[in-house]
Structure formats: C-alpha cells, structure tokens
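Visitor: Here is a sequence together with a model predicted from it:
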Amino acid sequence: MILGWAQGLVVLVLSVAALAGAVWGLIDAARFAAPTYVAAGKQTKALWLVLLGVAAVVAFASLPYPVGRGGGILGFLGIATIAVVAVYFASVRPALQQAQPRRGGRDLGGW
C-alpha cells in the first residue's frame, strides 16, 4: 500500500514538472522574435509555439487523479511531451539566446 502511494506521488510530481516545463517553455518561446529563430538556425517560431502548446495541453490532460483525470505523464504522449520540452530547453533556447541581438549595446551582467 505504501509502495503504491509512493509510486503515485512520483508520477504526480513528474506530471506536474512536465506541465510546468511545457508552460514555461511556451511562454519563453513566445518572447523571442521570429527572425531570431531563423538566425539561430532552428525551426520557425510558429512551429515551436504549436509544439510547446500541444505539450502543455497533453501534460495538463495527463495529470493523475488527485489533480486531474489522466493516468500520469509516463504514457506514450507524455514521453513525447517530455522530449519536446527537453529539446527546447537543451537545444533551441540556448541557440535563441545566442542569436538574440543585445539591447542598448552594453552588457549589464546578471548572475
């Protein structure tokens, strides 16, 4: 009984993390200009917005019982959702950040 509860908790945490990543990716992808995608050598902005939007919907629909009605993110579509989000954050986002023109002409630093 405890093992089943723990497994359900792990699936819930993974599902919520996938939803958060997809929504964060969608918002982040929307803030870059369309020419930045071309300059970075990645697919179009519209394609990435659609992919990440569908990933967010699938992740939301996959939330398990205590939150939603799905069975968790570990199904076929859930794994595809995780793959889309991972590719965006590992490959596309860094390329967009490098290709994005600097504003103001000087680097203000940061972390």
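Guide: Structure's in. What do you need?
Visitor: Retrieve the pLDDT associated with Ile82.
Guide: Note on Ile82: pLDDT of 94.
Visitor: Contact partners for the spatially most central residue of the chain?
Guide: Centroid-nearest residue in the chain: Ala22, 2.9 Å away (criterion: CA atoms, centre = their mean). The contact partners of Ala22, by CB atoms under 8 Å, 6 or more residues apart in numbering, come to 52, 55-56, 58-59, 81, 84-85. (C-beta placed from N, C-alpha, C; glycine too.)
Visitor: what about the helices in the chain?
Guide: Taking DSSP state H as the criterion, the chain contains helices spanning 2-31, 34-40, 45-61, 76-87, 93-99.
Visitor: nearest to Val67, of those?
Guide: Evaluated over the helices of the chain, closeness to Val67 peaks at helix 2-31, with 6.9 Å, by CB to CB.
Visitor: chain center to that closest one, what's the gap?
Guide: Centroid displacement of helix 2-31 relative to its chain, using CA atoms, centre = their mean, to the nearest Å, is 10 Å.
Visitor: what pLDDT, on average, does that helix get?
Guide: Throughout helix 2-31, pLDDT has a mean value of 90.
Visitor: tell me the angle that helix makes with helix 45-61.
Guide: Angle, helix 2-31 to helix 45-61, by axes from the mean of the first three to the mean of the last three CA atoms, to 10 degrees: 160 degrees.
Visitor: If you count neighbours, what's buried in helix 2-31?
Guide: Within helix 2-31, the residues that count as buried by 16 or more other CB atoms under 10 Å are 11-12, 14-16, 18-19, 21-23, 25-26, 28-29.
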